[in-house]
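1. Dropping a prediction and its sequence here:
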Amino acid sequence: IKAGKILEEKIGSIRKGTRIEVREIFYNTPARLKFMKSLNSELSLISNYMEKIALSHPNISFTLLNDEKEIFKTSGSNDLYKAIHEIYGYNLSKNMIEIYAENYDYTVNGFISNLNINKSNRNNMITLVNGRVINNAFVNRIIKDAYHTVLADNKFPVVVIQIETDPTLIDVNVHPTKQDIKFSKMDSLEELLFDTIKKALNKADNTFKAYEETSDNTNNSKIYESLKLSFNINETEEKYCSESDNNINTLIKPVGLALGTYLIAQDEDIVYMIDIHAANERINYEKYMQALVDSKIYTTQMLFPIQIEYPKNEFLIIQEYLHNLLELGFKIEEFGTNTFRVTEHPSWLKEGYEEDSIKMILDLLVEFKKDFDRVKFNEKAAINLSCKMSVKANTSITVYEQEELINSLFKCEFPYTCPHGRPTIIKYPLYELEKMFKRVN
């Protein structure tokens, strides 16, 4: 075929598989040729598309060549994880988490990246529906929402997710290139996909590594795996058995502070560096989130009520949602022109910072205006409060406070990042430290 015309048809030799060669694309279509980008840009787009096709059919071996140089090759072993390894390499595949779940309408399986791997765009969020590569904004949003508060807002995970469903539940005729589809029973898919990713992330070890793994040799007996701690202790429980506390203290011990910002700790074969502020943020965030959704509210009456004055437009917005604040434990009443008086507040506000916390919550209420959503409000309030009320950098803390920080952090549901997605813990296994000091090969 040349320029869209069949030049010759003839009998060819029997060949296993299919070989497609493309040369001088759009050479006779100046209007299309003019808008082509550089060679590397076009090659990147081709490679990206072929990678998605290879991942959607792991049972078929794909080889992509450019000027006789191999760009990637898959084995066709029908193993999705192996295909990910062959395309993305060892360092990424090592940090992938397998997922599987199903309900009456959908089956979801595949792999998602832990927090050590992230990208600056959505290009590596690959969704396959019944073997078809699709790019659905709603599905991408569900995946990103599942990483909310554990991954920075401007970062995106690497995922390869296969969704199987009855063809009658999807409409493939909503996009000219068939790259998007429309789902029926979207609520069912959203709940399944969100919960599956969230549970997988909570169960996995997301501790950030301070080194890069470049070898897939897993037979070396000196490689130490990080200890699997139980991070699912109920935060609301105030009594812990002494045996449990002793186990935690035995596993990780504080060593000291570095640069006034980082806590150095260790267990038998791993050194940990903990960001004190980020760790405090995670602890406070989970505490505030639990308090905001708890049905039982304990309040404290103020000996000296706080008076806060607002511009008229903001006063009217806050006035409209006073009943929502009352449900959270804030007793606020009008007191003169454009002024509120706070006489009672929930007991979980940090002592000594009650006024700052109340002003922060009222200002947040003004931001929401008419689009008030209780769930989003609780989350934003918990994030803002946890940041402002946490220990600041260059603040010296005692050995007892260091131990309390470690114990509290590892009791969190997700101790690996602060609510903004920054790491709380970075680990240095003994083997990697010995490699740095040339004690081992």
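-> Happy to help now that I have it.
2. Please report how far residue 365 lies from residue 338.
-> 15 Å (C-beta to C-beta, to the nearest Å). No exception for glycine: its C-beta is placed from N, CA and C like everyone else's.
3. Same question for residue 414.
-> From residue 414 over to residue 338 (counting by C-beta to C-beta), the distance is 41 Å.
4. sorry, back to before: could you check which of residue 365 and residue 338 has the larger neighbour count?
-> The neighbour count for residue 365 versus residue 338, taken as other C-beta atoms under 10 Å, is higher for residue 365 (20 against 17).
5. my read: that one touches residue 377, true?
-> Yes: between residue 365 and residue 377 a contact is recorded at 7.4 Å, counting by C-beta atoms under 8 Å.
6. The stretch 301-441 of the chain: strands as residue ranges?
-> 331-334, 339-346, 425-429 (DSSP state E, counting those that start in this stretch).
7. What is the least confident helix or strand in this protein?
-> helix 242-251 (a mean of 44; mean pLDDT, DSSP states H and E).
8. Following the chain past it, name the next helix or strand.
-> Using DSSP states H and E, the helix or strand that follows helix 242-251 in sequence is strand 253-258.
9. quick one: contacts for residue 352?
-> Neighbour list for residue 352: empty [criterion: C-beta atoms under 8 Å, 6 or more residues apart in numbering].
10. one step back: out of the strands of the stretch 301-441 of the chain, nearest to residue 121?
-> strand 425-429 (24.8 Å; C-beta to C-beta).
11. That closest one pairs with which strands, and in what direction?
-> strand 208-209 (parallel), strand 270-275 (antiparallel) (DSSP bridges).
12. Can you give me the domain boundaries for the chain?
-> If you go by automatic domain parsing, the domain ranges for the chain are 81-203, 299-347+351-388.
13. deepest of those, which one?
-> Highest mean neighbour count among the domains of the chain (mean count of other C-beta atoms under 10 Å): domain 81-203, with a mean of 17.
14. how far away is residue 406 from residue 263?
-> 8 Å.
15. what do you get for residue 194?
-> Counting by C-beta to C-beta, the gap from residue 194 to residue 263 is 33 Å.
16. for the residue nearest to residue 119 when sequence neighbours are not counted, phi and psi?
-> Excluding its sequence neighbours, the residue lying closest to residue 119 (C-beta to C-beta, 6 or more residues apart in numbering) is residue 156, at 5.1 Å. The phi/psi pair for residue 156 (degrees, to the nearest 10) reads phi -130, psi 150.
17. Check the one 4 residues further on too.
-> Dihedral angles of residue 160 (phi, psi; degrees, to the nearest 10) stand at phi -130, psi 100.
18. repeat for the one 4 residues further on
-> Here is the backbone geometry of residue 164 (degrees, to the nearest 10): phi -110, psi 130.
19. and it, how far is that from residue 103?
-> 11 Å.
20. where along the stretch 301-441 of the chain do the helices fall?
-> 312-320, 322-327, 354-368, 374-388, 399-410, 430-436 (DSSP state H, counting those that start in this stretch).
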